[in-house]
Every structure is written in C-alpha cells, then in structure tokens.
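Visitor: Give me the fold of what follows.
(4 chains)
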2 protein chains.
Amino acid sequence: MPGTVQSIERAAAILRMLAGGTGRLGLGEIAKSLDLAKGTTHGILRTLQGVGFVEQDRVSGRYQLGAALLHLGTSYLDINELRSRSINWADPLAARSGEAVRIGTVLEGRVLVVHHVFRPDDTFQTLEVGSLLPLHATALGKVLLAYRSALPPAELERFTRRTVVSPRELAAALEQVRLAGWGAEIEELTLGEAAIAAPIRGYGGLVVGAIGVSGLVERMCDTRYRPHPRLVGYVRDAARAVSRDLGAARH
Amino acid sequence: MPGTVQSIERAAAILRMLAGGTGRLGLGEIAKSLDLAKGTTHGILRTLQGVGFVEQDRVSGRYQLGAALLHLGTSYLDINELRSRSINWADPLAARSGEAVRIGTVLEGRVLVVHHVFRPDDTFQTLEVGSLLPLHATALGKVLLAYRSALPPAELERFTRRTVVSPRELAAALEQVRLAGWGAEIEELTLGEAAIAAPIRGYGGLVVGAIGVSGLVERMCDTRYRPHPRLVGYVRDAARAVSRDLGAARH
DNA sequence: GAACGCCGTTCGGCATTGTCGAACGCTCAG
DNA sequence: CTGAGCGTTCGACAATGCCGAACGGCGTTC
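Guide: Numbering: from 1, shown residues only, chains lettered A, B, ... in the order given. Model prediction:
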C-alpha cells in the first residue's frame, strides 16, 4: 500500500495484539507473530513506551497497553457525533422500555459499543462501552450488516444452539431486516437473552450506527416468542429521532 | 533520542493534538503545529486512518480521532492491575462514605482517572474514567505528587480563589501529606466541592496510584472546615486494602 | 554447580523507507 | 473572475529505521 507509513502500521498491529490477548506479551512473541526482527520490534515498543501507549512490567520485562490510550479512547467518545446525538434519546428509551440500551458502530468486522445506558432497575451491570460484539449474533450487528456493504465474516462463530451460522440463513435474516426496518436477536449470543435494534442514519440516509435494547427473553418477547411490538416501536422511534438529529446537524 | 522511531512519535503527537483540541482539525493546522511538511503529515494521517485511529470527515476533509482507540482504551482498563484490584474495594468505600469514589494515576503531568464509582444516591452524574485532572488542585493529585519524584508543573493554574498557586505553599502541603499519610482538597478545583485521598502502593512500597472520595463541602467537612476524620479513616482503610492486594499479587 | 536455552537489549552497515517541496484540482470568498 | 486556502499527489534524494548478529542476565536442567 503506497503512501502509507509502515512503521506506524506495525505499531498499530502491536497495539491490537496487546489489546486482543489477555494480559502481557513478551517481545519474542510479538516479533514472531508479526514476522519482525527482534531488534525492530524492540525499537517500536520503546517508542510506544515513550509516548505512553505501552508499559513494560519491570520485573518480567513483558509489555502491555499504556495509560495514554485510555485518555485517547475517552476523547474519541467526547468527539463522536453519533454518541453525543444519541445520549439525549438513549435515556428516554431506557426509561420507556425498562431495558438496557446500547448504541453501536462497525469496527473491523465487529460491533463497537459507543454508548450504554443501564437497565433502570438497580441490579448490578457492567459498562460495555468500548467492547466488541459479533456482527452476526447481535441485533445491533444484524442491522449494521443489513444496511452496509460490509460483508459478514466468512466463518460464523457459534455461541449458542440458536446462533445463525449458515451464510444463507443469515442473508435471509438480513433481507428480513431490510424489509422490516428493524432487527432482533433471540438467544443467539447468550441463552435467556434477546435484543431489538434499528438503524441510525446520518447525512444522505447512510446508516452510520444502530441503537437497540437488550434483556431477558421473557421481558423482550411475547408468548409467541416474538419481540414485543411495543418495544420495537420504542426502538424505531428512538432510531428515527437520533437520525433526525444527525441529519439536521449536517446543515 | 536514538533507537526510537520518529514517525511513530509524530503519529502519537498528532493523536494527542486531536485529543486535546475539541472537535476536528485540518491537515494544515496539524502540519504547522508540528513543523512538518504537509505531504509528510498527510502520509501519517492516511496511515492512522487505515488502522482506524483517525477518521476523516468526508465533507470538510478535517480529521478527528477514530473508533479503534476506544477499544484500545477499554482494553487498557481490563488489563490494568491497579484498576482491577481496586474495584472490589471502591464499591464498599462508596457505600460506607456515601460519596463518589475515584482512583487515579499520573499521566503526563496530570491525574488520569482509571476508575470511578458513582455516589450512591441516584442524582445525575457523568462517568469520569479516562479524564485528566490537574495534579496540584485535586486530592488524588496531591497524594501522587507527594510520593513521586515527579515535579509539579512550573505554572500552577488557578481554578478558584482557594487554588494553591504558590510553589512554596504547594511544597508545604505536600510535606503535610507525607506526614499525615493522606491528602485533601477543599474548593481548590470547584467551589462547593472537596475531596480526600490516600496513596496506593504496589510492590516494594512504591506509590502507583491514589484512591479518594469527593463531594460537596458540607458533607465532606466538619464545622471547622476540616475533612471529616471518619471519611479520612474510610479512605485510608480502602487504600491500605488495595495496596495489600497489589503487593500480594506480586508473589 | 555448570551448561544450556531463553529472555530483552544493544549496535553497526546497508538500502529500504519515509520525508520533503513543488505542483495539482478543488471549493469558497471576495 | 481571481485569489487564497484546503487536502491531495508525485518524484527524487538521503536520512531513516530496518535487519541480523552478538551481548549480558536469568531461570532451568541435568
């Protein structure tokens, strides 16, 4: 790829690698995985350490992500227009539906959660902002797939017995999403849980994200094991409201 | 600085710049600020865009931070030992004190908030994880300064009429912190608010962070405008507990 | 206890790599 | 219509960062 700086690409690959694996990695592992000389890898890591993107454990010599990335990540949230426009509508959606609300975009073949409102009851929940979810097994992901040229991953990972793993079946589901204007997922990622999502459109009608609710199947679905039309209506209303905000913002 | 990759340093400088300024920046601005040729800057930005660290607004052509940074930032939180060890003790501290709890480390002359537990009451609060606070005007920062070789910034910014801006006064305050084993801040960053903090020690007794509570002055302080000894006790207990966890973790 | 293997680190020489500066197309304002 | 400003492209030069081999420390093994 001409015109690009490959030392930066290599640095990014190292960071991704450190983010993927749990815990610290050794210089040798990193160098071998990326097919780089140890000396080269060391130079990049030393530089990344200098700018705070990487830290080194003094006793083991291994490397891990650095603190500067945390601030960059939250700065991204502050800037992100999708998120800032969504916040005003996510809270009411959570209140009306009584469920947790999440907003997501596509990143590297996965769903990146950019906003998360807890379910209104006070049970323990963990913040999922910044986490990556599979495209084919979440309501947010299906909606994003349906309206994007982005293709689903070749290998559809199975999470539960209800996960859609057949490409044909998935294509049919996506067509269904396009026809209905919203998508759902029922026990396809975690047994006992379900979700509903609708697309958020930016300027020119382009889908830039998705908003949805998720929770226990018995609350999300009716007696026929189908998503509650009432919840679907809430989600679609919220998605339209955010889309209007985003479109209006593009004078 | 020999042995370091300067294209990566330049890329990091660009990212810091994008994180600092609010909103998007133009190529020209960036190039001028860093004394780089426009072509060079463009190559770096194009690469950063390729790896998702930077996004470009299609209509204005300006650049902003990218989504990949969000996941890297939260991955840092997952790895971070200071944070993971603190979580179990931060919640009880918030419950006992009835105040918001924050845990911080030093990053580039500021306090980086790595964990934040909301005040137990249900009033509206915004998550401060990832934000940067001044060292000299926060309880967390004073504690970190007192036990670190890191020097306070030459220029002490004034936030309120109570902010300590004289280096001599600050040095005295830090000495006080070292003697007492804890630090406080009363209306030095925001009028009406105060905070108490204590140091967290890692292996070998080295201070690696600080934990503290913050809230309205009338709840944090007694009638003599001094921090409640009861709250100070809670904070110090929590700090010791986390330190023990961290020390024990280093088999 | 000595030899081994593995780790992160250092260093010098080569050529690959990224840098520079000028020129291009474009949009917007005057 | 003209000018200034924007982001972008391109080619030539040499500075830059890459590579590979060698170093010193540590833990393990036999």
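Visitor: what about the closest residue to DNA strand D within the stretch 1-150 of chain A, which helix or strand?
Guide: Nearest residue of the stretch 1-150 of chain A to DNA strand D, counting by C-beta to the nearest atom of the strand: A:G39, 2.2 Å away. Placement of C-beta: from N, CA and C, glycine included. Using DSSP states H and E, A:G39 falls within helix A:38-50.
Visitor: ok, is the top helix by length along chain A in contact with chain B or not?
Guide: Using DSSP state H, we find that the single longest helix of chain A is helix A:229-249. No: using C-beta under 8 Å from any C-beta of the partner chain, helix A:229-249 stays clear of chain B, coming no nearer than 11.4 Å.
Visitor: Give me the buried positions along that helix.
Guide: Going by neighbour count (16 or more other C-beta atoms under 10 Å in any protein chain shown), the buried part of helix A:229-249 is A:231-232, A:234-236, A:238-243, A:245-246.
Visitor: and if you look at stretch A:151-161?
Guide: A:152, A:156, A:159.
Visitor: again, but for stretch A:162-170
Guide: A:163-164, A:170.
Visitor: now do stretch A:105-118
Guide: Neighbour count says stretch A:105-118 has A:105-107, A:110-118 buried, by 16+ other C-beta under 10 Å.
Visitor: Among the residues you listed, which one sits closest to B:Q6?
Guide: Nearest to B:Q6 out of these is A:L107 (C-beta to C-beta; 28.3 Å).
Visitor: Just the CA coordinates for the lowest-mean-pLDDT helix or strand in chain A, please, in PDB.
Guide: Ranking every helix and strand in chain A by mean pLDDT, DSSP states H and E puts helix A:27-33 at the bottom, with a mean of 86. C-alpha atoms of helix A:27-33 as PDB (Å, rounded to 0.1, in the frame of the first residue of the first chain):
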ATOM      1  CA  LEU A  27       9.000  -9.200  23.000                       C
ATOM      2  CA  GLY A  28       9.700 -12.500  21.300                       C
ATOM      3  CA  GLU A  29       6.100 -13.500  21.000                       C
ATOM      4  CA  ILE A  30       5.200 -10.200  19.400                       C
ATOM      5  CA  ALA A  31       8.200 -10.300  17.000                       C
ATOM      6  CA  LYS A  32       7.400 -13.800  15.900                       C
ATOM      7  CA  SER A  33       3.700 -13.200  15.400                       C
END
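Visitor: near DNA strand D at all, that helix?
Guide: No: using C-beta under 7 Å from any atom of the strand, helix A:27-33 stays clear of DNA strand D, coming no nearer than 8.6 Å.
Visitor: Up against DNA strand C, what does chain A have?
Guide: A:4-8, A:26-29, A:38-39, A:42, A:45-46, A:56, A:61-62.
Visitor: Any of those residues buried? List them.
Guide: A:5, A:7-8, A:27, A:45-46, A:56, A:62.
Visitor: Just name the closest of these to DNA strand C, please.
Guide: When these are compared against DNA strand C (criterion: C-beta to the nearest atom of the strand), the nearest one is A:L27, at 3.4 Å.
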